[in-house]
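sequence first, predicted model second:
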Amino acid sequence: MIKEKTTVEIIQEIQKALNKYNLPVKVDIAEAREGADIGLNIYVYKKRNWKLHDKINSVIQEILEEDLIPYINWHYKQN
C-alpha cells in the first residue's frame, strides 16, 4: 500500500485516466526497481511514438502523488 491507496487502486486510476484520452495503452503491476515506489508495465498498442510516450508519462505523473517515483517498463507493439 502506498500512502492511503493500494497499488491496485493507483493502477486502476492511471488506466481510467489513460482511457479518457483514448490512448491505446494497458497498465499492469511490475516490480519497482532502482529505488522506485511503484512499478508499472505499460503496454502500448501502437508503434513507438515519442509524442504518445510523453502524453502517457504526463497522465501517469498527474495521477501519482508528487513524492511517488514510478519505475516504468515500456512494451511497444512490434512492426
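Nice, thanks for sending it over. Numbers count the residues shown, from 1 in each chain.

quick one, helices of this protein?
7-20, 50-63 (DSSP state H).

can I get the CA coordinates of the first one in CSV?
Taking C-alpha atoms only, helix 7-20 is exported to CSV below (Å, rounded to 0.1, in the frame of the first residue of the first chain):
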residue,chain,number,x,y,z
THR,A,7,-1.1,-0.2,-5.7
VAL,A,8,-4.0,-1.8,-7.5
GLU,A,9,-6.2,1.3,-6.8
ILE,A,10,-3.4,3.6,-8.2
ILE,A,11,-3.1,1.4,-11.3
GLN,A,12,-6.8,1.5,-11.9
GLU,A,13,-6.8,5.3,-11.6
ILE,A,14,-4.0,5.5,-14.1
GLN,A,15,-5.8,3.2,-16.5
LYS,A,16,-9.0,5.2,-16.2
ALA,A,17,-7.2,8.5,-16.9
LEU,A,18,-5.4,7.0,-20.0
ASN,A,19,-8.8,5.6,-21.2
LYS,A,20,-10.3,9.2,-21.0
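
so where is this protein shaky, pLDDT-wise?
Residue ranges of the chain with pLDDT under 70: 1-3, 79.

quick one: residues contacting Tyr45.
24-26, 77 (Cβ atoms under 8 Å, 6 or more residues apart in numbering). Every C-beta, even on glycine, is put in place using the N, C-alpha and C of the backbone.

in strands, which of those appear?
25-26 (DSSP state E).

which one among the contacts of Tyr45 gets closest to Asn57?
Taking Cβ to Cβ as the measure, Val25 is the one of these closest to Asn57, at 11.1 Å.

now that closest one. Nearest residue, chain neighbours left out?
Leu18 (4.9 Å; Cβ to Cβ, 6 or more residues apart in numbering).

quick one: contacts for that neighbour?
Leu18 neighbours (Cβ under 8 Å, 6+ apart): 25, 27, 56, 59.

closest one of those residues to Trp50?
Nearest to Trp50 among these, with distances taken as Cβ to Cβ, is Ile56, at 10.6 Å.

distance check, the closest one against Lys5.
20 Å (Cβ to Cβ, to the nearest Å).
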